[in-house]
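Novice: how does the following fold in three dimensions:
(one chain, ligands or ions: 1)
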Amino acid sequence: MNASTFTARVIASTGADVVAAVAGAAGAMSGPLHGGAPSLVLDMLDEIGTPARAAACVAEAIAHGRRVMGFGHRVYRAEDPRARCLRDTAEGLGGERVALARAVETAALAQLRVAKPGRALYTNVEFYAAVVLERAGIPRELFTPTFSISRAIGWTAHIVEQVRDNRLIRPSADYIGPSDRTLTP
Ligand SMILES: CC(C)(COP(=O)(O)OP(=O)(O)OC[C@H]1O[C@@H](n2cnc3c(N)ncnc32)[C@H](O)[C@@H]1OP(=O)(O)O)[C@@H](O)C(=O)NCCC(=O)NCCS
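Specialist: Predicted structure coming up:
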């Protein structure tokens, strides 16, 4: 289950109200490893600037251990099917931004394959979503809220399902720290 939906279900399971559960989900969604990625995709494209710089900039990011925004997925080990749809949409719109995105994607896929063998890192939904949302005239600081508005339908459906047959969600955790410590007063 994705992080924001799980967050909504955990909060709903405590008996908190729908507003609390949706607000919590939005908080999880805002993180750059989840729904906060698309505006950072644009920041990255801005920084790269031109297709000619794509390969070198991607190489530098990977060499410094930074995540290339818009690539990889917690579960998918193949191209995100939503990325394919949004790539088609972006290419239909055309323009310099799309050409830059294509160059960055080509460089990122090739270099991630070499740098992280066996990890299967592909383009995710956020990469071309960023390009399409920008073209639609939405300011980048509103990308995540725009996504969240549509996700709120799913979050609330999950909240309703959780509440209908509720039991407090309480994951277990294994303590792996040191044991047998002496406490001195
Ligand atoms: C989505 C994400 C958090 C999944 O993380 P994950 O499940 O830990 O990733 P994986 O298990 O597939 O791969 C982990 C390895 O690949 C690397 N990796 C994963 N995504 C990467 C990326 N986008 N750029 C560079 N390296 C990446 C990690 O650093 C890690 O390397 P290590 O084993 O040498 O430490 C991660 O791919 C990411 O941060 N992507 C960029 C942010 C993004 O686009 N988020 C939107 C997701 S829809």
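Novice: going forward, measure contacts between C-alpha atoms and count neighbours the same way
Specialist: Will do.
Novice: what about the strands in the protein?
Specialist: Under the criterion DSSP state E, strands are not mapped anywhere in the chain.
Novice: which bits of it sit near the ligand?
Specialist: Residues of the chain found near the ligand (Cα under 6 Å from any ligand atom) are 32-34, 37, 62, 66-74, 116, 119, 124-126.
Novice: just the buried residues from the residues you listed, in PyMOL please.
Specialist: The PyMOL selection below is limited to those of the residues of the chain next to the ligand classed as buried (16 or more other Cα atoms under 10 Å):
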select buried, resi 32+33+34+37+62+68+69+70+71+72+73+124+125+126
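Novice: from the residues of the chain next to the ligand, which land in helices?
Specialist: The members of the residues of the chain next to the ligand that map onto helices under DSSP state H are A37, I62, V125, E126.
Novice: quick one: contacts for E105?
Specialist: Counting by Cα atoms under 8 Å, 6 or more residues apart in numbering, E105 touches T123.
Novice: hmm, back to that, in CSV: the ones in helices among the residues of the chain next to the ligand, plus pLDDT.
Specialist: Shown next, in CSV, are those (pLDDT from 0 to 100):
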residue, pLDDT
A37, 92
I62, 97
V125, 92
E126, 93
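Novice: pretty sure W155 is touching A3, no?
Specialist: No. With contact defined as Cα atoms under 8 Å, W155 and A3 do not form a contacting pair (10.9 Å).
Novice: I'd like to know how far P81 sits from R87.
Specialist: Between P81 and R87 the distance is 10 Å, computed by Cα to Cα, to the nearest Å.
Novice: between the two, which one's more packed in?
Specialist: Under the criterion of other Cα atoms under 10 Å, the comparison of P81 against R87 puts R87 first, with 22 against 13.
Novice: which helix runs longest in the chain?
Specialist: Every helix in the chain considered (DSSP H), the longest is helix 143-164.
Novice: CA atoms of that helix as CSV?
Specialist: What follows is helix 143-164, C-alpha atoms only, in CSV (Å, rounded to 0.1, in the frame of the first residue of the first chain):
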residue,chain,number,x,y,z
PHE,A,143,1.7,20.1,-8.3
THR,A,144,1.4,18.0,-5.1
PRO,A,145,-1.8,19.7,-4.0
THR,A,146,-3.3,19.0,-7.5
PHE,A,147,-2.3,15.4,-7.3
SER,A,148,-3.7,15.2,-3.7
ILE,A,149,-7.1,16.5,-4.7
SER,A,150,-7.6,13.5,-7.0
ARG,A,151,-6.0,11.2,-4.5
ALA,A,152,-8.4,12.4,-1.7
ILE,A,153,-11.1,10.3,-3.4
GLY,A,154,-9.1,7.2,-2.9
TRP,A,155,-8.0,8.1,0.6
THR,A,156,-11.6,8.7,1.7
ALA,A,157,-12.8,5.5,0.2
HIS,A,158,-10.1,3.7,2.2
ILE,A,159,-11.0,5.6,5.3
VAL,A,160,-14.7,4.5,4.9
GLU,A,161,-13.6,0.9,4.4
GLN,A,162,-11.3,1.1,7.4
VAL,A,163,-14.0,2.6,9.7
ARG,A,164,-16.7,0.1,8.6
